[in-house]
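Student: Test case, fold it:
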Amino acid sequence: MKVLLIEDYEPLQASLAKGFRDEGLAVDVAADGEAGLWYAQTGSYDAIVLDLMLPKTDGLTVLRRLRAAGGQDPVLILTARDAVADRVRGLDLGADDYLTKPFAFDELLARIRALVRRRYQDRKPVIDVGLLRIDTAAQRVFRDGEEISLTAREYSLLEFLARRAGEVASRTEIWDHLYELNDDSVSNVVDVYIGYLRRKLDTPGRESIIETLRGRGYRLRQGP
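Tutor: Modelled structure (predicted):
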């Protein structure tokens, strides 16, 4: 999962970015509205967390311009402005959710997960694909009822593929959704992590759960 955080208060920005990364999320960070709008229009995000009181360009203007340009990434407004009129205006301008400060980090994470489920039209937090069961709330993975231990990045890759089960995901799409814009990882990192997942998820004597389509990318098999 990849999140864009647009927040100018440095202590909160650093705390949220660290918290997201500890949960296995990739995070791009912008400290003002102009930079935030550039990121939002340049990249692809599972969710955008947007403060309202930003330097250069305020959050509502960022939201209005993003929606006017056709941007459809889910936006959660995170702000100290808790008046009903502020919430109504933010939602009417195209925000998908609104959370006021102070807040609990676990609630913020739960709201982001809910936005992602809504985006992929999933009503339940559990994804069943073939032999796999993925609990997206607890970030736990089971194969034939047996729990499989994954690193945060391995889990993020698997969840991305699972939400698109049966569809081909190119290396570029995987990179764009799992890695930060300024990430300096080596060019074959996607292939490396696909290999890690296969070693943990595949069963000897059966086809790999993750199918390689040469020159196109990868696809998670829907059947056993």
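Student: same for the helix-or-strand element of the chain with minimal mean pLDDT, what does it pack against?
Tutor: The weakest-scoring helix or strand in the chain, judged by mean pLDDT, DSSP states H and E, is helix 171-178 (a mean of 84). Here helix 171-178 touches strand 2-6, helix 152-163, helix 189-201, strand 217-220, going by 3 or more CB pairs under 8 Å, 6 or more residues apart in numbering; DSSP states H and E. No exception for glycine: its C-beta is placed from N, CA and C like everyone else's.
Student: Identify each buried residue in that helix, please.
Tutor: Arg171, Glu173, Ile174, Trp175, His177, Leu178 (16 or more other CB atoms under 10 Å).
Student: Residues touching that helix, excluding its own?
Tutor: Contacts with helix 171-178, where a contact means CB atoms under 8 Å, 6 or more residues apart in numbering, come from 1-2, 26, 43-44, 46, 153, 156-157, 160-161, 189-191, 217-218.
Student: from the residues you listed, which would you call buried?
Tutor: 1-2, 26, 43, 46, 153, 156-157, 160-161, 189-190, 217-218.
Student: The chain: helices as residue ranges?
Tutor: 10-22, 33-42, 59-68, 84-92, 105-119, 152-163, 171-178, 189-201 (DSSP state H).
Student: Mean pLDDT lowest where, among those?
Tutor: In terms of average pLDDT, helix 171-178 trails the rest of the helices of the chain, at a mean of 84.
Student: can you state the direction angle for that one and strand 2-6?
Tutor: 50 degrees (axes from the mean of the first three to the mean of the last three CA atoms, to 10 degrees).
Student: just curious, which of the buried ones among the contacts of helix 171-178 is nearest to Ile134?
Tutor: Within those, proximity to Ile134 (CB to CB) peaks at Leu161, which comes in at 9.9 Å.
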